[in-house]
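Q: quick one, structure for this:
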Amino acid sequence: MNDTFLKACRGEKTDYTPIWIMRQAGRYLPEYQKVRGNVTFLELCKTPELCVEVTLQPIDILNVDAAILFSDILIPLEAMGAKLEFHEGRGPVFPDPIKNQADLDKLIVPDPAEHLGFVMETIRLLRKELNVPLIGFSGAPFTNATYLIEGGSSKVFWETKKMMYTAPELFHGMMQKITDCTILYLKAQAEAGAQALQIFDSWAGVLAPCDFKTFALPYVQEIIRELRKATDIPLIYFANNGSTLLELSESSGADVLGLDWRINIGDAAKRVGKVALQGNLDPFSLLLPKDKLKKRIGNILDDAKDTNGHIFNLGHGIHQFTPPEQAIAAVEFVHELSGR
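A: Here you go, the predicted structure:
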(Lines give C-alpha, C1' and ligand atoms only; values in the text may rest on other atoms or scores of the structure.)
Protein backbone atom coordinates (compact mmCIF):
# COMPACT_ATOMS: atom_id res chain seq x y z
CA MET A 1 0.00 0.00 0.00
CA ASN A 2 1.05 3.59 -0.69
CA ASP A 3 1.20 4.96 2.88
CA THR A 4 2.75 8.35 2.03
CA PHE A 5 -0.37 10.17 3.24
CA LEU A 6 -0.28 8.44 6.63
CA LYS A 7 3.44 9.19 7.04
CA ALA A 8 2.82 12.89 6.33
CA CYS A 9 -0.01 12.94 8.87
CA ARG A 10 2.40 11.61 11.48
CA GLY A 11 5.09 14.14 10.57
CA GLU A 12 7.39 11.46 9.18
CA LYS A 13 9.74 11.95 6.23
CA THR A 14 8.16 11.21 2.83
CA ASP A 15 9.60 10.81 -0.66
CA TYR A 16 7.13 13.38 -1.98
CA THR A 17 4.16 15.43 -0.78
CA PRO A 18 0.94 13.38 -0.84
CA ILE A 19 -2.24 14.90 -2.19
CA TRP A 20 -5.94 14.24 -1.99
CA ILE A 21 -8.76 16.67 -2.83
CA MET A 22 -11.78 17.54 -0.75
CA ARG A 23 -14.95 16.43 -2.59
CA GLN A 24 -12.71 14.49 -4.99
CA ALA A 25 -15.58 12.04 -5.52
CA GLY A 26 -18.23 14.38 -6.83
CA ARG A 27 -20.13 16.32 -9.41
CA TYR A 28 -17.16 17.54 -11.49
CA LEU A 29 -16.52 13.96 -12.66
CA PRO A 30 -18.68 12.63 -15.54
CA GLU A 31 -18.22 9.15 -14.08
CA TYR A 32 -19.85 10.32 -10.84
CA GLN A 33 -22.68 12.03 -12.70
CA LYS A 34 -23.42 8.77 -14.50
CA VAL A 35 -23.89 6.94 -11.18
CA ARG A 36 -25.75 9.84 -9.57
CA GLY A 37 -28.17 10.10 -12.50
CA ASN A 38 -29.87 6.87 -11.47
CA VAL A 39 -30.46 7.54 -7.77
CA THR A 40 -31.18 10.36 -5.34
CA PHE A 41 -28.29 11.70 -3.30
CA LEU A 42 -29.53 10.04 -0.12
CA GLU A 43 -30.02 6.73 -1.94
CA LEU A 44 -26.44 6.96 -3.15
CA CYS A 45 -25.14 7.64 0.36
CA LYS A 46 -27.01 4.60 1.71
CA THR A 47 -25.99 2.10 -1.00
CA PRO A 48 -22.54 0.70 -0.11
CA GLU A 49 -21.78 -0.73 -3.56
CA LEU A 50 -22.44 2.64 -5.21
CA CYS A 51 -20.49 4.50 -2.51
CA VAL A 52 -17.55 2.21 -3.18
CA GLU A 53 -17.77 2.88 -6.90
CA VAL A 54 -17.73 6.67 -6.59
CA THR A 55 -15.08 6.63 -3.82
CA LEU A 56 -12.75 4.68 -6.12
CA GLN A 57 -13.30 6.91 -9.17
CA PRO A 58 -10.87 9.72 -8.22
CA ILE A 59 -8.23 7.18 -7.16
CA ASP A 60 -8.21 5.75 -10.67
CA ILE A 61 -8.75 9.03 -12.53
CA LEU A 62 -6.65 11.52 -10.53
CA ASN A 63 -4.01 9.24 -8.98
CA VAL A 64 -4.44 10.83 -5.54
CA ASP A 65 -2.68 9.41 -2.47
CA ALA A 66 -5.74 8.87 -0.26
CA ALA A 67 -9.41 8.02 -0.64
CA ILE A 68 -12.15 9.62 1.40
CA LEU A 69 -15.32 7.75 2.20
CA PHE A 70 -18.25 8.92 0.06
CA SER A 71 -21.00 10.12 2.38
CA ASP A 72 -22.29 13.39 3.81
CA ILE A 73 -21.68 15.10 7.14
CA LEU A 74 -25.44 15.25 7.77
CA ILE A 75 -26.13 11.52 7.51
CA PRO A 76 -25.71 10.95 11.30
CA LEU A 77 -28.20 13.74 12.04
CA GLU A 78 -30.87 11.85 10.14
CA ALA A 79 -29.98 8.79 12.23
CA MET A 80 -30.54 10.93 15.33
CA GLY A 81 -34.13 11.41 14.20
CA ALA A 82 -33.97 14.70 12.30
CA LYS A 83 -35.87 14.59 9.02
CA LEU A 84 -33.39 15.32 6.20
CA GLU A 85 -34.14 16.26 2.61
CA PHE A 86 -31.88 17.28 -0.28
CA HIS A 87 -33.33 19.75 -2.78
CA GLU A 88 -31.69 20.46 -6.13
CA GLY A 89 -30.37 24.00 -6.18
CA ARG A 90 -31.03 24.46 -2.47
CA GLY A 91 -28.99 21.74 -0.82
CA PRO A 92 -29.80 20.05 2.49
CA VAL A 93 -33.03 20.93 4.28
CA PHE A 94 -34.22 20.01 7.77
CA PRO A 95 -37.93 20.86 7.58
CA ASP A 96 -38.35 20.59 11.37
CA PRO A 97 -35.50 22.66 12.85
CA ILE A 98 -34.64 22.49 16.54
CA LYS A 99 -36.19 25.43 18.36
CA ASN A 100 -36.65 24.32 21.96
CA GLN A 101 -35.93 21.60 24.53
CA ALA A 102 -38.86 19.48 23.40
CA ASP A 103 -37.44 19.40 19.87
CA LEU A 104 -34.02 18.44 21.20
CA ASP A 105 -35.46 15.71 23.42
CA LYS A 106 -36.82 13.94 20.33
CA LEU A 107 -33.29 13.38 19.01
CA ILE A 108 -31.54 10.14 19.97
CA VAL A 109 -27.88 9.13 20.14
CA PRO A 110 -27.99 6.32 17.57
CA ASP A 111 -26.13 3.02 17.64
CA PRO A 112 -23.89 3.25 14.53
CA ALA A 113 -24.17 -0.47 13.79
CA GLU A 114 -27.96 -0.35 13.88
CA HIS A 115 -28.66 3.02 12.27
CA LEU A 116 -25.56 3.68 10.14
CA GLY A 117 -24.44 0.19 9.22
CA PHE A 118 -24.35 1.07 5.52
CA VAL A 119 -21.46 3.46 6.20
CA MET A 120 -19.45 0.77 7.98
CA GLU A 121 -20.19 -1.73 5.21
CA THR A 122 -18.88 0.79 2.65
CA ILE A 123 -15.65 1.12 4.64
CA ARG A 124 -15.21 -2.65 4.88
CA LEU A 125 -15.76 -3.07 1.14
CA LEU A 126 -13.38 -0.22 0.29
CA ARG A 127 -10.55 -1.64 2.38
CA LYS A 128 -10.64 -4.73 0.15
CA GLU A 129 -10.25 -2.60 -2.98
CA LEU A 130 -7.90 0.27 -2.09
CA ASN A 131 -4.14 0.54 -2.38
CA VAL A 132 -4.11 3.96 -0.72
CA PRO A 133 -5.32 4.88 2.79
CA LEU A 134 -9.02 5.45 3.45
CA ILE A 135 -10.15 8.57 5.30
CA GLY A 136 -13.40 8.44 7.26
CA PHE A 137 -15.07 11.63 8.44
CA SER A 138 -17.81 13.49 10.23
CA GLY A 139 -19.03 17.01 10.57
CA ALA A 140 -17.93 18.90 13.68
CA PRO A 141 -20.67 19.43 16.27
CA PHE A 142 -20.92 23.19 15.70
CA THR A 143 -21.26 22.87 11.93
CA ASN A 144 -23.85 20.11 12.22
CA ALA A 145 -25.75 22.06 14.87
CA THR A 146 -26.14 25.01 12.52
CA TYR A 147 -28.03 22.84 10.03
CA LEU A 148 -30.38 21.55 12.72
CA ILE A 149 -31.03 25.03 14.07
CA GLU A 150 -31.25 26.96 10.79
CA GLY A 151 -33.14 24.22 8.96
CA GLY A 152 -30.44 24.11 6.28
CA SER A 153 -27.60 26.26 5.01
CA SER A 154 -27.28 29.87 6.12
CA LYS A 155 -25.32 33.01 5.32
CA VAL A 156 -25.72 34.90 8.60
CA PHE A 157 -26.54 32.12 11.13
CA TRP A 158 -29.11 34.24 12.90
CA GLU A 159 -30.97 31.38 14.56
CA THR A 160 -27.74 29.67 15.63
CA LYS A 161 -26.23 32.72 17.28
CA LYS A 162 -29.55 33.73 18.78
CA MET A 163 -29.70 30.34 20.51
CA MET A 164 -26.04 30.59 21.59
CA TYR A 165 -26.55 33.98 23.20
CA THR A 166 -30.13 33.78 24.49
CA ALA A 167 -30.53 30.06 25.27
CA PRO A 168 -27.00 28.78 25.97
CA GLU A 169 -28.16 25.79 28.01
CA LEU A 170 -30.26 24.58 25.09
CA PHE A 171 -27.39 25.17 22.68
CA HIS A 172 -24.86 23.31 24.84
CA GLY A 173 -27.35 20.47 25.32
CA MET A 174 -27.64 20.10 21.57
CA MET A 175 -23.87 20.25 21.12
CA GLN A 176 -23.37 17.51 23.70
CA LYS A 177 -25.90 15.22 22.07
CA ILE A 178 -24.32 15.71 18.64
CA THR A 179 -20.90 15.16 20.20
CA ASP A 180 -21.99 11.88 21.80
CA CYS A 181 -23.32 10.74 18.41
CA THR A 182 -20.14 11.80 16.61
CA ILE A 183 -17.83 9.95 19.02
CA LEU A 184 -19.69 6.68 18.50
CA TYR A 185 -19.91 7.24 14.74
CA LEU A 186 -16.19 7.92 14.27
CA LYS A 187 -15.16 5.08 16.59
CA ALA A 188 -17.29 2.76 14.47
CA GLN A 189 -15.62 4.02 11.29
CA ALA A 190 -12.18 3.33 12.77
CA GLU A 191 -13.28 -0.15 13.86
CA ALA A 192 -14.62 -0.83 10.36
CA GLY A 193 -11.23 0.01 8.86
CA ALA A 194 -10.89 3.77 8.29
CA GLN A 195 -7.17 4.62 8.45
CA ALA A 196 -7.57 8.33 9.25
CA LEU A 197 -10.50 10.48 10.33
CA GLN A 198 -11.29 14.07 9.37
CA ILE A 199 -13.64 16.35 11.30
CA PHE A 200 -15.12 19.01 9.02
CA ASP A 201 -16.00 22.29 10.74
CA SER A 202 -17.28 24.06 7.66
CA TRP A 203 -18.85 26.99 9.52
CA ALA A 204 -16.39 27.49 12.41
CA GLY A 205 -15.14 30.67 10.75
CA VAL A 206 -18.39 32.53 11.47
CA LEU A 207 -17.47 32.55 15.17
CA ALA A 208 -15.41 35.11 17.07
CA PRO A 209 -12.42 33.41 18.74
CA CYS A 210 -14.00 33.79 22.19
CA ASP A 211 -17.22 32.13 20.98
CA PHE A 212 -15.30 29.38 19.19
CA LYS A 213 -13.48 28.69 22.45
CA THR A 214 -16.75 28.51 24.40
CA PHE A 215 -19.32 27.06 22.02
CA ALA A 216 -17.41 24.87 19.54
CA LEU A 217 -13.85 23.90 20.48
CA PRO A 218 -14.60 21.98 23.73
CA TYR A 219 -16.75 19.51 21.81
CA VAL A 220 -14.08 18.88 19.15
CA GLN A 221 -11.57 18.37 21.97
CA GLU A 222 -13.90 15.86 23.60
CA ILE A 223 -14.31 13.91 20.36
CA ILE A 224 -10.57 13.72 19.78
CA ARG A 225 -9.89 12.84 23.42
CA GLU A 226 -12.36 9.95 23.27
CA LEU A 227 -11.08 8.74 19.90
CA ARG A 228 -7.54 8.71 21.28
CA LYS A 229 -8.66 6.14 23.85
CA ALA A 230 -9.87 3.83 21.09
CA THR A 231 -7.48 4.28 18.15
CA ASP A 232 -4.09 5.69 17.17
CA ILE A 233 -4.97 6.52 13.54
CA PRO A 234 -4.31 10.12 12.37
CA LEU A 235 -7.01 12.66 13.23
CA ILE A 236 -7.53 15.75 11.07
CA TYR A 237 -9.46 18.87 12.07
CA PHE A 238 -10.49 21.32 9.36
CA ALA A 239 -11.96 24.64 10.53
CA ASN A 240 -12.94 26.42 7.33
CA ASN A 241 -12.26 30.17 7.25
CA GLY A 242 -10.42 29.57 10.51
CA SER A 243 -7.17 31.51 10.17
CA THR A 244 -8.04 33.55 13.27
CA LEU A 245 -8.70 30.30 15.14
CA LEU A 246 -5.44 28.54 14.32
CA GLU A 247 -3.83 28.37 17.75
CA LEU A 248 -7.15 27.39 19.30
CA SER A 249 -7.58 24.71 16.63
CA GLU A 250 -4.14 23.32 17.50
CA SER A 251 -5.41 22.76 21.04
CA SER A 252 -8.06 20.42 19.62
CA GLY A 253 -5.55 17.59 19.90
CA ALA A 254 -5.66 16.74 16.18
CA ASP A 255 -2.57 15.39 14.43
CA VAL A 256 -3.28 17.47 11.33
CA LEU A 257 -4.92 20.85 10.81
CA GLY A 258 -6.60 21.56 7.50
CA LEU A 259 -6.15 25.07 6.12
CA ASP A 260 -8.27 27.08 3.73
CA TRP A 261 -6.56 29.35 1.19
CA ARG A 262 -6.89 32.56 3.21
CA ILE A 263 -3.56 32.11 4.98
CA ASN A 264 -0.02 31.47 3.77
CA ILE A 265 0.84 27.91 4.80
CA GLY A 266 4.35 28.98 5.85
CA ASP A 267 2.89 31.58 8.20
CA ALA A 268 0.54 28.93 9.60
CA ALA A 269 3.47 26.59 10.20
CA LYS A 270 5.23 29.25 12.26
CA ARG A 271 2.13 29.62 14.44
CA VAL A 272 1.44 25.90 14.93
CA GLY A 273 4.70 24.09 14.41
CA LYS A 274 3.89 20.85 16.23
CA VAL A 275 1.13 19.52 13.96
CA ALA A 276 1.07 18.53 10.30
CA LEU A 277 -0.78 20.82 7.92
CA GLN A 278 -3.14 20.03 5.06
CA GLY A 279 -3.87 22.44 2.22
CA ASN A 280 -4.22 24.94 0.87
CA LEU A 281 -4.79 25.79 -2.80
CA ASP A 282 -7.79 27.99 -3.62
CA PRO A 283 -10.16 25.60 -5.47
CA PHE A 284 -10.73 28.20 -8.17
CA SER A 285 -6.99 28.21 -8.89
CA LEU A 286 -7.65 25.02 -10.81
CA LEU A 287 -9.04 27.29 -13.55
CA LEU A 288 -5.59 28.83 -14.14
CA PRO A 289 -3.62 28.00 -17.29
CA LYS A 290 -1.48 24.97 -16.52
CA ASP A 291 1.81 26.89 -16.37
CA LYS A 292 0.37 29.34 -13.82
CA LEU A 293 -1.30 26.52 -11.88
CA LYS A 294 2.03 24.72 -11.67
CA LYS A 295 3.73 27.86 -10.39
CA ARG A 296 0.99 28.41 -7.78
CA ILE A 297 1.36 24.82 -6.57
CA GLY A 298 5.13 25.19 -6.46
CA ASN A 299 4.81 28.29 -4.31
CA ILE A 300 2.66 26.45 -1.77
CA LEU A 301 5.10 23.53 -1.69
CA ASP A 302 7.98 25.97 -1.10
CA ASP A 303 6.07 27.80 1.64
CA ALA A 304 5.28 24.45 3.31
CA LYS A 305 8.89 23.29 3.49
CA ASP A 306 9.11 23.92 7.24
CA THR A 307 5.85 22.20 8.18
CA ASN A 308 5.91 19.18 10.47
CA GLY A 309 4.33 17.12 7.70
CA HIS A 310 2.37 18.43 4.71
CA ILE A 311 -0.58 16.92 2.85
CA PHE A 312 -1.43 18.91 -0.26
CA ASN A 313 -5.11 19.66 -0.72
CA LEU A 314 -7.47 22.39 -1.80
CA GLY A 315 -8.56 24.96 0.75
CA HIS A 316 -12.12 23.67 0.38
CA GLY A 317 -14.05 21.27 -1.85
CA ILE A 318 -13.43 21.15 -5.59
CA HIS A 319 -16.07 23.15 -7.49
CA GLN A 320 -18.58 21.14 -9.50
CA PHE A 321 -17.73 22.91 -12.79
CA THR A 322 -13.97 22.31 -12.54
CA PRO A 323 -12.61 20.54 -15.65
CA PRO A 324 -11.37 17.11 -14.50
CA GLU A 325 -8.20 17.48 -16.57
CA GLN A 326 -7.23 20.44 -14.38
CA ALA A 327 -7.51 18.33 -11.24
CA ILE A 328 -5.46 15.59 -12.90
CA ALA A 329 -2.79 18.16 -13.78
CA ALA A 330 -2.72 19.51 -10.22
CA VAL A 331 -2.02 16.04 -8.82
CA GLU A 332 0.73 15.50 -11.38
CA PHE A 333 2.33 18.87 -10.55
CA VAL A 334 2.35 18.15 -6.79
CA HIS A 335 3.97 14.76 -7.36
CA GLU A 336 6.49 16.14 -9.85
CA LEU A 337 7.53 19.26 -7.97
CA SER A 338 7.69 17.70 -4.51
CA GLY A 339 9.56 14.62 -5.73
CA ARG A 340 12.48 16.62 -7.09
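Q: my guess is Pro234 contacts Asp255, does it?
A: Yes - with contact defined as C-beta atoms under 8 Å, Pro234 counts as touching Asp255 (4.6 Å). To be clear about C-beta, it is placed using only N, CA and C from the backbone, and glycine gets the same treatment.
Q: what touches both of these two?
A: With contacts taken as C-beta atoms under 8 Å, 6 or more residues apart in numbering, the residues that reach both Pro234 and Asp255 are 9-10.
Q: identify each buried residue in the biggest helix by length in the chain, please.
A: Secondary structure assigned by DSSP state H gives helix 168-192 as the longest helix of the chain. Using 16 or more other C-beta atoms under 10 Å as the test for burial, helix 168-192 gives 170-172, 174-175, 177-190, 192.
Q: what does the lowest-mean-pLDDT helix or strand in the chain rub up against?
A: Lowest by mean pLDDT, DSSP states H and E among the helices and strands of the chain is strand 85-87, with a mean of 91. The contact list for strand 85-87 (C-beta under 8 Å, 6+ apart) reads 40-42, 92-95.
Q: list buried residues within those residues.
A: 42, 92-94.
Q: nearest to Glu325, of the contacts of strand 85-87?
A: Nearest to Glu325 out of the contacts of strand 85-87 is Phe41 (C-beta to C-beta; 25.5 Å).
Q: who touches that closest one in this structure?
A: With contacts defined as C-beta under 8 Å, 6+ apart, the neighbours of Phe41 are 72, 86.
Q: which parts of the host helix or strand of Lys161 are buried?
A: Following DSSP states H and E, one finds Lys161 within helix 158-166. Residues of helix 158-166 classed as buried: 159-161, 163-164 (neighbour count, 16+ other C-beta under 10 Å).
Q: now render the residues you listed as JSON lines, adding distance to Ala208 and pLDDT.
A: JSON lines is the format used below for the buried residues of helix 158-166 (distance: C-beta to C-beta, whole Å; pLDDT from 0 to 100):
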{"residue": "Glu159", "distance to Ala208": "17", "pLDDT": "98"}
{"residue": "Thr160", "distance to Ala208": "13", "pLDDT": "98"}
{"residue": "Lys161", "distance to Ala208": "10", "pLDDT": "98"}
{"residue": "Met163", "distance to Ala208": "16", "pLDDT": "98"}
{"residue": "Met164", "distance to Ala208": "11", "pLDDT": "98"}
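Q: from the residues you listed, which is closest to Gly315?
A: Of all the buried residues of helix 158-166, Thr160 has the smallest distance to Gly315: 23.3 Å, by C-beta to C-beta.
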